[in-house]
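Undergrad: no sequence for this one, just the structure:
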């Protein structure tokens with residue numbers, strides 16, 4: 001028993017470190033891309049495509065990687081993926097043309113799909129009562145993005161930007177070797193391998209026909225996609241809206257990103273204790289209140305008095321804005337954990353496939369929402385319109401969740417009524 005516990009802890013710790021390293025590599029180009037933009041004199045559109053390409057490929061690869069993890073095991077696939085990603089990451093330092101950067105960035109983006117593999121592997125090791133906590137600890141590997149924002153600039157200043165991908169590739173290879181040495185195949189995969197009972201494509205795809213899977217994906221689109229989008233958007237928002245310098249804006253953004261990653265652990269524990277659905281509802285209500293105030297643009301109000309007009313400027317101060325945004329980040333951290341606890345509650349044997357599908361939609365949100373933020377800001381000319389968009393998305397999530405739960409409860413009551421009638425008829429007979 002003690003040996004099994006040690007294996008579980010080792011699997012969880014190493015998986016979290018691997019995911020953090022992959023997440024750091026996944027977001028690296030957003031930092032070193034600034035230097036590439038200067039060297040190649042890229043336009044804003046070209047720079048946007050360069051930065052977004054890894055995010056998109058990492059999102060699209062999550063579903064197939066989750067399915068492969070169920071068939072071939074998370075340990076082998078995670079090790080192979082990290083070693084594979086280290087190759088284009090190292091080669092990135094030798095690229096010269098824009099198209100070479102794009103092609104290699106496409107390959108580096110596969111690092112983002114490590115989430116689907118890791119969530120399957122960690123879930124297979126954890127007990128049913130501790131699923132939320134285990135997946136919350138693993139999901140805290142999102143801190144890899146903050147790590148890149150802190151470490152990559154130091155490497156660039158000391159050695160130039162081309163050393164950053166080389167250092168990251170070396171770390172990935174080292175972690176892959178440690179992961180292989182310190183972990184073992186999860187019990188479920190060992191059992192399937194012994195019985196030669198690997199699931200076929202039809203078995204893997206069947207859960208994706210369930211509408212509930214895509215409801216969970218919509219929730220994750222908001223809590224994870226919104227988290228990633230605001231991480232990318234807030235520094236510029238602070239600079240443009242409040243006139244702060246970039247250093248101060250980046251620091252204040254960390255007050256959103258770091259708590260949003262760390263509270264995923266607490267959120268997973270709460271989902272285990274009080275239920276994932278309750279946690280999710282609480283997350284949505286907290287975000288709804290905060291986003292309502294964040295959406296309100298600076299407004300000048302004129303009161304026509306008896307003798308003269310009085311004009312007031314209603315504008316949220318930067319400290320209040322930071323507090324509300326931090327609360328949203330904390331709530332999203334809880335939400336990211338509770339969504340995957342719900343996934344496990346309904347699909348405990350298909351965490352790779354269903355988790356991959358839900359993770360795909362969440363990562364797509366991280367790609368689509370920043371672009372949409374820019375579009376609505378240009379369209380309406382109001383900077384807080386990005387929060388209005390999130391408010392509308394959240395309202396859609398809450399309506400979908402309410403009606404989804406209502407339909408599910410109606411079906412459950414109908415099934416219970418049918419069973420009761422069947423038992424009554426048998427007793428009467």
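TA: Everything's here; your move. Since the structure is predicted, the reported quantities are computational estimates derived from the model, not experimental observations. Residues are numbered from 1 along each chain as shown.

Undergrad: secondary structure element for the closest residue to residue 382 other than its chain neighbours?
TA: With sequence-adjacent residues excluded and distances taken as C-beta to C-beta, 6 or more residues apart in numbering, residue 382 is closest to residue 297, at 4.9 Å. For every residue, glycine as well, the C-beta is placed using N, CA and C. Per DSSP states H and E, residue 297 falls between elements, in no helix or strand.

Undergrad: right, and residue 297 touches residue 387 too?
TA: No. Between residue 297 and residue 387 there is no contact under C-beta atoms under 8 Å: 9.4 Å.

Undergrad: okay, the two: which has more neighbours?
TA: More crowded of residue 297 and residue 387, by other C-beta atoms under 10 Å: residue 387, with 24 against 16.

Undergrad: mind checking pLDDT for that one?
TA: We have a pLDDT of 92 for residue 387.

Undergrad: same deal with residue 261?
TA: Residue 261 is given a pLDDT of 84.

Undergrad: next: the one 4 residues further on.
TA: In the prediction, the pLDDT value recorded for residue 265 is 87.

Undergrad: and for it, the neighbour number?
TA: With other C-beta under 10 Å as criterion, residue 265 counts 21.

Undergrad: what about it, which helix or strand?
TA: helix 246-274.

Undergrad: work out the gap between that helix and the centre of the chain.
TA: Relative to its chain's centre, helix 246-274 lies at 12 Å (C-alpha atoms, centre = their mean, to the nearest Å).

Undergrad: could you look up the SS state of residue 302?
TA: With DSSP: H, G, I helix; E, B strand; the rest coil as the basis, residue 302 sits in strand.

Undergrad: go ahead and confirm it touches residue 309.
TA: Yes. Applying C-beta under 8 Å, one finds residue 302 in contact with residue 309, separated by 5.5 Å.

Undergrad: returning to that earlier point: angle of the following helix or strand past the helix holding residue 265 against helix 246-274?
TA: Counting by DSSP H and E, the next helix or strand C-terminal to helix 246-274 is helix 276-295. Relative orientation of helix 276-295 versus helix 246-274 (axes from the mean of the first three to the mean of the last three C-alpha atoms, to 10 degrees): 150 degrees.

Undergrad: pLDDT on helix 276-295, on average?
TA: The model assigns helix 276-295 a mean pLDDT of 93.

Undergrad: check which helices and strands it sits against.
TA: Helices and strands touching helix 276-295, as assessed by 3 or more C-beta pairs under 8 Å, 6 or more residues apart in numbering; DSSP states H and E, comprise helix 246-274, helix 318-346, helix 385-428.

Undergrad: my guess is residue 365 meets residue 222, correct?
TA: Yes. Using C-beta under 8 Å, residue 365 is in contact with residue 222, at 7.0 Å.

Undergrad: can you give me the buried ones in the helix holding residue 265?
TA: 249-250, 252-253, 256-272 (16 or more other C-beta atoms under 10 Å).

Undergrad: anything in contact with each of residue 297 and residue 387?
TA: Taking C-beta atoms under 8 Å, 6 or more residues apart in numbering as the criterion, residue 297 and residue 387 do not both touch any residue.

Undergrad: any idea how far residue 19 is from the residue nearest the centre of the chain?
TA: Closest to where the C-alpha atoms of the chain average out (C-alpha atoms, centre = their mean) is residue 224, at 3.9 Å. Going from residue 224 to residue 19 by C-beta to C-beta, to the nearest Å gives 13 Å.

Undergrad: now residue 155
TA: Going from residue 155 to residue 19 by C-beta to C-beta gives 21 Å.

Undergrad: now for residue 302 and residue 309: what residues contact both?
TA: By C-beta under 8 Å, 6+ apart, no residue touches both residue 302 and residue 309.

Undergrad: which secondary structure elements does the helix holding residue 265 sit against?
TA: Using 3+ C-beta pairs under 8 Å, 6+ apart, helix 246-274 sits against helix 131-139, helix 143-159, helix 226-242, helix 276-295, helix 318-346.

Undergrad: what angle separates the longest one from helix 131-139?
TA: Interaxial angle, helix 318-346 versus helix 131-139 (the same axes, to 10 degrees): 130 degrees.

Undergrad: residues in contact with stretch 53-61: which ones?
TA: 26-27, 29, 102, 105-113, 116, 228, 360, 363-364, 366-367.

Undergrad: ok, residue 155 and residue 19, which is more surrounded?
TA: residue 19 (28 against 19).

Undergrad: I figured the more buried one hits residue 118, correct?
TA: Yes. The pair residue 19 / residue 118 is scored as a contact, 4.9 Å apart, by C-beta under 8 Å.

Undergrad: hey, what's in contact with both of the two?
TA: Between them, residue 19 and residue 118 share the contacting residues 138, 141, judged by C-beta under 8 Å, 6+ apart.

Undergrad: give me the nearest residue to residue 85, chain neighbours excluded.
TA: Using C-beta to C-beta, 6+ apart, the nearest residue to residue 85 is residue 111, at 4.7 Å.

Undergrad: can you count the residues close to that neighbour?
TA: Neighbour tally, residue 111, other C-beta under 10 Å: 32.

Undergrad: per-residue confidence at it?
TA: Predicted confidence (pLDDT) for residue 111: 92.

Undergrad: list phi and psi for it.
TA: For residue 111, the backbone dihedrals (degrees, to the nearest 10) come out as phi -60, psi -30.

Undergrad: that one against residue 26, yeah?
TA: Yes. Assessed by C-beta under 8 Å, residue 111 is found in contact with residue 26 at 4.5 Å.

Undergrad: for residue 123, which residues are in contact?
TA: Residues in contact with residue 123 (C-beta under 8 Å, 6+ apart) are 131, 134-135, 344, 348, 351, 355.

Undergrad: make CSV from those residues and add neighbour count, distance to residue 190 and pLDDT to it.
TA: Below are the contacts of residue 123 laid out as CSV (neighbours: other C-beta atoms under 10 Å; distance: C-beta to C-beta, whole Å; pLDDT from 0 to 100):
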residue, neighbour count, distance to residue 190, pLDDT
131, 24, 19, 82
134, 27, 19, 86
135, 32, 21, 86
344, 23, 20, 86
348, 14, 17, 80
351, 27, 16, 80
355, 31, 20, 84
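
Undergrad: reformat the residues you listed as CSV; add distance to residue 374.
TA: Compiled in CSV, the contacts of residue 123 are given as follows (distance: C-beta to C-beta, whole Å):
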residue, distance to residue 374
131, 38
134, 37
135, 32
344, 36
348, 40
351, 35
355, 30
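
Undergrad: I am finished for the moment; much appreciated.
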